[in-house]
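Peer 1: Give me coordinates for this.
(chains A and B)
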Amino acid sequence: MSAADSVQSLKENFADSLLGQAEFRGEHTVTVKKEALHDVLAHCREALGYDYLVDITTIDNTGRDPRFDIAYELYSYTKLNHLRIKSSTPEDEAAFPTVTDIWPTANWHEREAWDMMGITFTGHPDLRRILMWEGYPYHPLRKEFPLAGKPSDMPDVAFTGVAPLQGGPFVTCGGEGDTASREPRSAS
Amino acid sequence: MSEDSQISQLHAAYDSKIEGNIIFTRVDAAINWMRKNSLWPMPMGLACCAIELMATGASRFDISRFGSEVMRFSPRQSDVMIVAGTVTYKMALAVKRIYDQMAEPKWVIAMGACASSGGMYRSYAVLQGIDRLLPVDVYISGCPPRPEALLEGLMRLQRKIETEPALLEQKKELLASLAS
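Peer 2: Prediction:
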């Protein structure tokens, strides 16, 4: 059973919930409604044999409604093919149903999505931050968060300052002069 | 009479055939000599610099030529913290805590661009130089620095230790309390 067959099966079983499908260089992507997301993913695991959740990624489309996209990268070790399931949610309800009951490995993926993008997963057994520390006030991968960071201070826990960017994160002017003039940020 | 001429007079008065193996020196000089030739590092390996740190410890570069081969993973037993790698904010307070647990006298080497200045990581997650948190004695440039550079940094630190007033300056309060 190829990925195209899997897409066909999803079309037959979830005709009302599919928003679109795409194929690009052999990669199959299916976009579904958020309400049906959990059922579709459960079907992928149980009926279609996608036993490996490779990754969960989230996308911040600031200015577009719905703002947040989510993509589940699936792989089947029995059928040896990939499938991508996408869905989206508006900003004021930035939440998706957890898939930890389908693939236990989703636990940490969802914690990362919560930490970096501020998307909650309803039903997650332990939704804590995973990269930043508990109590950090921001979600750094959201578009409104500046690259240089924002100052934050929690005595005895951790703190952050603003990184000196000087016009960009990787500013160097090759050629002449000493290091201070070639790399403006090094002077600060 | 100057200190040097005092010492040379003592040396002139010393007869090795009669008095055996005696060396005259200043307490500071003797203590510093012992300290600088037996610097036990706390290997604070946080990123790829730690790989070069390991190479420095291995046979080809052989940090034990300089008396620093005893990597101690207990801060209580180490003298110099080699911060080798990117210090994230989440890790920064752990680094500080380990530094605080080290016994005096203690020194810090910032190894590589990241530990010195944040390096290429100008971002919300990375401390822009460990000197924002700890007093750094020696900075080593490089990304990562070669083992030779680390050894050079270590020798610089040894030279710095030579010049430190080991006893009289550092134990001022103790000496004052004994005198009163």
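
Peer 1: now B:Ala176, what's its secondary structure?
Peer 2: helix (DSSP: H, G, I helix; E, B strand; the rest coil).

Peer 1: Run a quick neighbour tally on it.
Peer 2: Using other CB atoms under 10 Å in any protein chain shown, B:Ala176 is surrounded by 9 other residues. C-beta: built from backbone N, CA, C; applies to glycine.

Peer 1: CA atoms of stretch B:90-101 as CSV?
Peer 2: Only the C-alpha atoms of stretch B:90-101 are listed here, as CSV (Å, rounded to 0.1, in the frame of the first residue of the first chain):
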residue,chain,number,x,y,z
LYS,B,90,18.7,27.6,31.0
MET,B,91,22.2,26.2,31.6
ALA,B,92,23.7,29.5,32.8
LEU,B,93,22.5,29.2,36.4
ALA,B,94,23.7,25.7,36.7
VAL,B,95,27.2,26.8,35.5
LYS,B,96,27.0,29.6,38.1
ARG,B,97,26.0,27.2,40.8
ILE,B,98,28.9,24.8,40.0
TYR,B,99,31.3,27.8,40.0
ASP,B,100,30.0,28.8,43.4
GLN,B,101,30.6,25.3,44.7
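
Peer 1: who touches that stretch?
Peer 2: Contact partners of stretch B:90-101, identified using CB atoms under 8 Å, 6 or more residues apart in numbering or on different chains, comprise A:131-133, A:156-159, B:42, B:44, B:46, B:75-76, B:81, B:83, B:87, B:106, B:108, B:125, B:127, B:130, B:133-134.

Peer 1: Please pick the buried ones from the residues you listed.
Peer 2: Buried members of the contacts of stretch B:90-101, scored by 16 or more other CB atoms under 10 Å in any protein chain shown, are A:132-133, A:158-159, B:42, B:44, B:46, B:75, B:81, B:83, B:87, B:106, B:108, B:125, B:127, B:130, B:133-134.

Peer 1: re earlier: helices - which of the contacts of stretch B:90-101 land there?
Peer 2: When the contacts of stretch B:90-101 are checked against helices using DSSP state H, none is located there.

Peer 1: Residue of chain B closest to chain A, please.
Peer 2: Per CB to the nearest CB, B:Tyr124 is where chain B lies closest to chain A, at 2.9 Å.

Peer 1: what about the strands in the chain?
Peer 2: I'll assume chain A. Applying DSSP state E to chain A gives strands spanning A:18-24, A:27-32, A:52-60, A:68-76, A:81-89, A:95-97, A:120-122, A:152-154, A:158-160.

Peer 1: Correction: the question concerned chain B.
Peer 2: Using DSSP E, the strands of chain B run over B:41-45, B:80-84, B:107-111, B:138-140.

Peer 1: Turn these into JSON lines, columns for mean pLDDT.
Peer 2: Shown next, in JSON lines, are the strands of chain B (pLDDT from 0 to 100):
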{"stretch": "strand B:41-45", "mean pLDDT": "92"}
{"stretch": "strand B:80-84", "mean pLDDT": "94"}
{"stretch": "strand B:107-111", "mean pLDDT": "94"}
{"stretch": "strand B:138-140", "mean pLDDT": "95"}
